[in-house]
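In: Have a look at this fold, sequence not included:
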């Protein structure tokens, strides 16, 4: 993982998506246009949390290095130092893979 100078704000997290599958289960190689977007990745950075209506900071549930599942079209794609990342709200994450 490369080092970068991005710090997510509020309840946002930065996720490094897992690599898209290169082959089908039957062994056929997929062209780039047929590859499905990954729905799992690794949390790279976590914001401080969301401020609730009563002004208290609600700490995030996920932490750096958690492997997570997220929605197929969640987040905003960004490229930093040649690496692809997603910036998304913590609420776009469905589960932590244990």
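Out: Looks like it came in fine. Keep in mind that what you see is a predicted model, and the values were worked out from it rather than measured.

In: Excluding sequence neighbours, find me the nearest residue to residue 7.
Out: residue 45 (6.5 Å; Cβ to Cβ, 6 or more residues apart in numbering). (Glycine included, C-beta is placed from N, CA and C.)

In: Just the buried residues of the helix or strand harbouring residue 43, please?
Out: Taking DSSP states H and E as the criterion, residue 43 maps to strand 40-46. By neighbour count with 16 or more other Cβ atoms under 10 Å, strand 40-46 contains the buried residues 41, 42, 43, 44, 45, 46.

In: any idea how far the first one lies from residue 53?
Out: As for residue 41, its distance to residue 53 is 30 Å (criterion: Cβ to Cβ, to the nearest Å).

In: Check what pLDDT the residue nearest to residue 7 gets.
Out: Model confidence at residue 45, given as pLDDT, is 95.

In: wait, doesn't it sit right on residue 5?
Out: No. At 10.4 Å, residue 45 does not count as touching residue 5 under the criterion of Cβ atoms under 8 Å.

In: Please name the strands paired to the next helix or strand after the strand holding residue 43 in the sheet, noting orientation.
Out: Downstream of strand 40-46, the next assigned helix or strand under DSSP H and E is strand 50-51. Counting by DSSP bridges, the strands paired with strand 50-51 are strand 57-58 (antiparallel).
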